[in-house]
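Trainee: Quick one, structure for this:
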Amino acid sequence: MFLCTFLLPLIRAITTDNCKTIECGTSITSDNCIEVIEDTVSVYGCKAGYICDYSILGEVSAWQNVSCTQSYNLLNKCGVLYEEKQLTGMSCCENTDCYSNDCISNTCNGYKEGEQCDNSEQCDTDLWCNKNKCSNVKHLNEDCTIEVQCEAGSTCSSGKCVKMFSLSIGSKATNAKACISNFIANDICENIEVYSGSRKLESPYACIIGDDCTYKLSHSEDVYMTSKCVCSGFNATSGYCGEYAKYLSDVNIMWSEVQYLTSKCSGNLAHSVDPQVLYSCESISYSQFMKLVRFYGQLAYFSVFNSDVLKYCGMELQIFDPSYEFKVTVAGSWFMSFGAVLALWI
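Mentor: Modelled structure (predicted):
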């Protein structure tokens, strides 16, 4: 699936000074897919059988060349490629595809209640691995100590099983997944607001290289982090305050729309925020998956997305989808214009 291979890095590595120009390369290669020559960074696609880790395009650190790496897959007798053994709920063609060695109707089953296990992903749905035996999960509002004890689509926060992304900004939480923003600070659900000095910035949070970007918590109004304006990749003077874009208030609607309480998977996979996992485990629909990936791609590569420097190759190279605007009118149009935000996450 084309969109499945989008990368979801944390924002860490385009620079904040000595800015370079980023451009789409004109060929495909099995050598460097990101090549730094003096003040120019060229981005290339890899030849068939090779893949590229483009995450440096969304990071804040020193530039370096990135090479294509060979992609290894296992081919089973059904002609299906699997990169590794399949867990409970994942597709299969034969028993040996599964960790449990139990493939029924092209789906890996897990161990049943009372059977021995090494981890919760080996147990069947609605079970978790408790002292090496598969046991029933706990339901919403029941006591818990760890997330995998709770039913699918919920998490353990403040000692209780809580529906993921259900707590409003300002609520107390000990697990970010419990918050509508998927973000906590000082055990409080928060969003990030972006400032330059005392001036609050609006999307796309443009700044001048050398300026400070101040990221404040929306509920407590405390300063969460201060860092330098991040290079745009377009020129040496313009940039964006986008290092914490995935915690902006825009993401709240996205996370609330992907709340789920079903999964054909188990363990950590039944409590995931990874779009690929959620779709593979049938926790979200294909349309939700596409929106989630497109949105999180834009946030993960915030500077190069907003500067349009990879406008003509971002989609082709599966880095992000440039056809969606980051900021749109959210109310009533989020499903139609997923650019309202995410781009996980991840």
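Trainee: Is I253 inside a helix or a strand, and which specific one?
Mentor: Using DSSP states H and E, I253 maps to helix 250-257.
Trainee: I should have written T145 there, sorry.
Mentor: Counting by DSSP H and E, no helix or strand carries T145.
Trainee: Now do the SS call for the closest residue in space to it that isn't next to it in sequence.
Mentor: Nearest non-adjacent residue to T145, counting by C-beta to C-beta, 6 or more residues apart in numbering: C156, 6.7 Å away. Using the backbone N, CA and C atoms, a C-beta is placed for each residue, glycine as well. Assigned with DSSP: H, G, I helix; E, B strand; the rest coil, C156 falls in the strand class.
Trainee: Dig out what C156 forms beta bridges with.
Mentor: Assessed by DSSP bridges, C156 has beta-bridge partners C161.
Trainee: residues near it, how many?
Mentor: By the criterion of other C-beta atoms under 10 Å, C156 has 23 neighbours.
Trainee: one step back: what is the helix holding I253 packed up against?
Mentor: In terms of contacts (3 or more C-beta pairs under 8 Å, 6 or more residues apart in numbering; DSSP states H and E), helix 250-257 is packed against helix 286-300.
Trainee: chain center to the helix it packs on, what's the gap?
Mentor: 9 Å (C-alpha atoms, centre = their mean, to the nearest Å).
Trainee: I'd like to check the angle between that helix and helix 250-257, please.
Mentor: Per axes from the mean of the first three to the mean of the last three C-alpha atoms, to 10 degrees, the angle that helix 286-300 makes with helix 250-257 is 160 degrees.
Trainee: could you dump helix 286-300 to CSV, C-alpha only?
Mentor: Extracted in CSV, the C-alpha atoms of helix 286-300 (Å, rounded to 0.1, in the frame of the first residue of the first chain):
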residue,chain,number,x,y,z
TYR,A,286,-8.9,3.2,5.4
SER,A,287,-10.1,6.8,5.0
GLN,A,288,-9.1,7.5,8.6
PHE,A,289,-5.7,5.9,8.0
MET,A,290,-5.1,8.1,4.9
LYS,A,291,-6.0,11.2,6.7
LEU,A,292,-3.9,10.4,9.7
VAL,A,293,-0.8,9.6,7.6
ARG,A,294,-1.2,12.7,5.5
PHE,A,295,-1.7,15.0,8.4
TYR,A,296,1.2,13.6,10.5
GLY,A,297,3.6,13.7,7.5
GLN,A,298,2.9,17.5,7.3
LEU,A,299,3.7,18.0,11.0
ALA,A,300,6.7,15.7,11.1
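Trainee: as a whole number, average confidence for stretch 114-132?
Mentor: The pLDDT scores in stretch 114-132 average 94.
Trainee: Name the residues of that stretch that are buried.
Mentor: Across stretch 114-132, burial judged by 16 or more other C-beta atoms under 10 Å covers E115, C117, S120, E121, Q122, C123, D124, T125, D126, L127, W128, C129.
Trainee: By mean pLDDT, point me to the weakest helix or strand of the chain.
Mentor: Using mean pLDDT, DSSP states H and E, the weakest-scoring helix or strand in the chain turns out to be strand 74-75, at a mean of 58.
Trainee: For T155, give its distance to F165.
Mentor: Distance of T155 to F165, given as C-beta to C-beta, to the nearest Å: 9 Å.
Trainee: And Y99, by the same measure?
Mentor: If you measure Y99 against F165 using C-beta to C-beta, the figure is 29 Å.
Trainee: Please identify which of those two sits among more neighbours.
Mentor: Applying other C-beta under 10 Å to Y99 and F165 shows that F165 carries more neighbours, namely 25 against 18.
Trainee: Sketch out the helices for the stretch 201-346 of the chain, chain order is fine.
Mentor: Assigned helices in the stretch 201-346 of the chain, in chain order: 250-257, 275-280, 286-300, 302-306 (criterion: DSSP state H, counting those that start in this stretch).
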